[in-house]
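**Student:** Got a predicted model here, sequence first, then my questions.
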Amino acid sequence: QVQLVESGGGLVQDGGSLRFSCVVSGGTFSSYAMGWFRQAPGKEREFVATISRSRSTYYADSVKGRFIISRDNAKNAVYLQMNSLKPEDTAVYYCAASPRMLGSTRYYPYEYLYWGQGTQVTVSS
């Protein structure tokens, strides 16, 4: 049974930084594409960033240049460093894992089989 446990959410001021961690257990972490998604109240879950098995990274336009996704296969962990946070970044953030080799569909939640429980980020203005 694959489990994803996230940590690092919280309340931060406009312009601040946070770092998420997501630790994966019960599976073969190095074989997974890992992603971060977020969902704001009343909105659909949206893509934030993803990192492939070969460490290629992709970002939503809204976070490009501010967020950095990385992975540590030795620790079965993926990270999301979030800088220059804005109030519009307020959402519940989810870590997700896909055992598939993803292509152009890497941006869609349905491609990810395993999900974390979500962690809240609130950016105050």
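**Tutor:** Yep, that arrived.
**Student:** which residues does the most centrally placed residue in the chain contact?
**Tutor:** By CA atoms, centre = their mean, the mean C-alpha position of the chain lies nearest to Trp36, the distance being 1.9 Å. With contact set as CB atoms under 8 Å, 6 or more residues apart in numbering, Trp36 has these partners: Phe20, Cys22, Val48, Ala49, Thr50, Ile69, Val78, Leu80, Tyr93, Tyr94, Cys95, Ala96. Quick note: C-beta positions are derived from backbone N, CA and C, even for glycine.
**Student:** That one and Arg100, how far apart?
**Tutor:** Remark: distance between Trp36 and Arg100 (CB to CB, to the nearest Å) = 17 Å.
**Student:** Spatially nearest residue to Tyr32 (excluding sequence neighbours)?
**Tutor:** Ala97 (4.3 Å; CB to CB, 6 or more residues apart in numbering).
**Student:** That neighbour: neighbouring residues, count only.
**Tutor:** Neighbourhood size, Ala97 [other CB atoms under 10 Å]: 22.
**Student:** what's the helix or strand that contains it packed up against?
**Tutor:** Element membership of Ala97, judged by DSSP states H and E, is strand 91-98. Here strand 91-98 touches strand 3-7, strand 18-25, strand 33-39, strand 114-115, strand 119-124, going by 3 or more CB pairs under 8 Å, 6 or more residues apart in numbering; DSSP states H and E.
**Student:** To Ser84, which of those lies closest?
**Tutor:** strand 119-124 (10.1 Å; CB to CB).
**Student:** Give me the buried stretch members for stretch 98-106, please.
**Tutor:** Residues of stretch 98-106 classed as buried: Ser98, Leu102, Arg106 (neighbour count, 16 or more other CB atoms under 10 Å).
**Student:** how about the residue nearest to Tyr32, what does it touch?
**Tutor:** 2, 4, 24, 27, 29, 32-35, 112-115.
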